[in-house]
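Q: Got a sequence here, can you model it:
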Amino acid sequence: MANDIRSVLHTFNEAFSNQRLDEVMEYFADNSEFREMNGHTARGKDKVRKAIKTVFSGTYGKLTFTEKAMLVDEQNNTASFAWYCQHDMLPVEGMTFAQKCIAAFIKLRFGKSFHWEGMDYFVFNDDLKIVSKQSYGRAAIPKFIRGSAPR
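A: This next block holds a predicted model:
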């Protein structure tokens, strides 16, 4: 099953990195939860969708997650996924004025391209649907590094 979980995470990450919300949501169980970097936890598929839609809003640019390491525990249907989060501050259609202001400030402070490191901890049900996605960073405010993340 480890290879199955690994495969699910690779295709999930590809969909997430390309902001394909409907496809991303297919990986979540109905009773899923998403613990965001700020500690807020969205419970239930509708609230998880809303939280992830905010991530995809463009406020923080286009996000691409590049795998650093993955550890799968097949007996417990869990996985840890360490990553680089690449931010490319590209305009996104439909952003609100407030989102545009935040994005402009971020771009001014960190440049058009920056990255940082973090980790997700996943819990899967027996159907390999995500029951819990918990996101963590190395600090309360991630250490943004100008330029592209290592590949």
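
Q: Would you mark the buried spots in the longest helix belonging to the chain?
A: Looking across the chain with DSSP state H, the single longest helix is helix 2-17. For helix 2-17, a neighbour-count test (16 or more other CB atoms under 10 Å) marks Ile5, Arg6, Val8, Leu9, Phe12, Asn13, Ala15, Phe16, Ser17 as buried. Heads up, the C-betas are built off the backbone N, CA and C, glycines and all.

Q: Could you dump the residues you listed into a markdown table with pLDDT and distance to Val24 added?
A: What follows is these, written out as a markdown table (pLDDT from 0 to 100; distance: CB to CB, whole Å):
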| residue | pLDDT | distance to Val24 |
| --- | --- | --- |
| Ile5 | 96 | 17 |
| Arg6 | 95 | 18 |
| Val8 | 97 | 12 |
| Leu9 | 97 | 12 |
| Phe12 | 97 | 7 |
| Asn13 | 96 | 10 |
| Ala15 | 97 | 5 |
| Phe16 | 95 | 5 |
| Ser17 | 93 | 10 |
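
Q: Flag the shaky bits of this protein, pLDDT-wise.
A: 1-3, 138-143 (pLDDT under 70).
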